[in-house]
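Novice: predicted structure and sequence below. I'll ask about it afterward.
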Amino acid sequence: MTVGNGFLKEETFDKITDPLGVFGGKAGRWADPAGWIIKEPKKESAADRAARLEEERQAQIRKTQGEINAVFNDPRREGEIADFVDATRQFYRQGLDDQKGETDRDLKFAMQRAGLTGGSVQRDKNIDVAEQYARGLIDVNQKALGAGSALRAQDQEARARLIALATSGLDTTTAAQQSQAAMRSNLESQRTTSRFDAPAQAFGTFQQYLTRAQETADRRRANQDSGFGPYGSAMPYGG
């Protein structure tokens with residue numbers, strides 16, 4: 001470090017201004033109003049060096065962690081999650097609609113076989129189907145939102161893992177790359193999971209009813225074919 005114009009080393013200036021050592025070699029302390037002395041740099045102690053290196057390390061950790069948070073906090077990620085939730089909801093809704101269509105057809109045929117078309121039984125069953133469908137829509141929405149929450153949770157787990165790695169020397173470039181890779185992997189993982197986690201059969205109770213109706217119709221037909229009445233009694237012979 002230099003003082004003033006800094007043309008002379010401090011010890012050289014002391015020798016020139018106090019060759020006999022009258023001032024104990026300290027003449028330069030008061031005889032340098034113009035600042036011609038070159039101040040000798042202070043040597044860094046081992047403790048100071050350790051403290052400096054630790055501060056540099058902590059600064060790098062903060063920089064890396066900041067880069068990780070910047071990637072995960074990007075508003076575009078929330079947009080990706082919202083798109084994923086919408087797509088999942090549509091996928092589940094399509095499955096529910098397919099179930100309802102099949103149930104409507106089966107119920108219609110069951111009513112025809114039982115001779116109940118247009119009656120109160122059919123109206124009641126149609127109301128039941130509509131109510132089950134409404135409950136199914138609620139379930140679809142909840143499961144889609146749950147898939148989005150699961151994706152956010154995976155992102156937070158990845159963020160925490162990478163932030164911990166930053167304390168082990170992970171650099172900012174690698175941290176950003178791994179953060180982006182983790183988010184892509186999480187999204188693909190949840191897409192796969194959602195395909196195998198679709199809502200269960202929403203019209204299971206109707207399937208049981210339709211099965212019993214089909215069995216009843218089959219028995220009635222078998223009885224008629226064998227000469228018995230619709231309910232198992234022998235048919236009277238004519239003539």
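Specialist: Yes, it's here. Numbers count the residues shown, from 1 in each chain.
Novice: show me where this structure has its strands.
Specialist: 8-9, 37-38 (DSSP state E).
Novice: so for the first one, mean pLDDT?
Specialist: Regarding strand 8-9, the rounded mean pLDDT is 53.
Novice: just give the nearest non-adjacent residue to Glu44, would you?
Specialist: With sequence-adjacent residues excluded and distances taken as C-beta to C-beta, 6 or more residues apart in numbering, Glu44 is closest to Arg52, at 7.5 Å. For glycine as for every other residue, the C-beta is placed from the backbone atoms N, C-alpha and C.
Novice: can you give me the distance of the nearest residue to Val85 once chain neighbours are set aside to Leu137?
Specialist: Nearest residue to Val85 in three dimensions, chain neighbours excluded: Gly148, at 4.0 Å (C-beta to C-beta, 6+ apart). Between Gly148 and Leu137 the computed distance is 17 Å (C-beta to C-beta, to the nearest Å).
Novice: got any ranges where this protein has weak pLDDT?
Specialist: Applying pLDDT under 70 to the chain flags the ranges 1-41, 205-239.
Novice: show me it divided up by domain.
Specialist: Using automatic domain parsing, the domain parsing of the chain gives 8-52, 62-203.
Novice: most tightly surrounded among those domains?
Specialist: The densest packing among the domains of the chain, expressed as mean neighbour count by mean count of other C-beta atoms under 10 Å, is seen in domain 62-203 with a mean of 15.
Novice: that older thread, so the residue nearest to Val85 sits against Ile81, correct?
Specialist: Yes. Using C-beta atoms under 8 Å, Gly148 is in contact with Ile81, at 5.4 Å.
Novice: for this protein, longest helix please?
Specialist: helix 120-166 (DSSP state H).
Novice: look up the closest residue to Arg77, ignoring the ones flanking it.
Specialist: In space, and not counting its chain neighbours, Arg77 is closest to Met183: 6.4 Å by C-beta to C-beta, 6+ apart.
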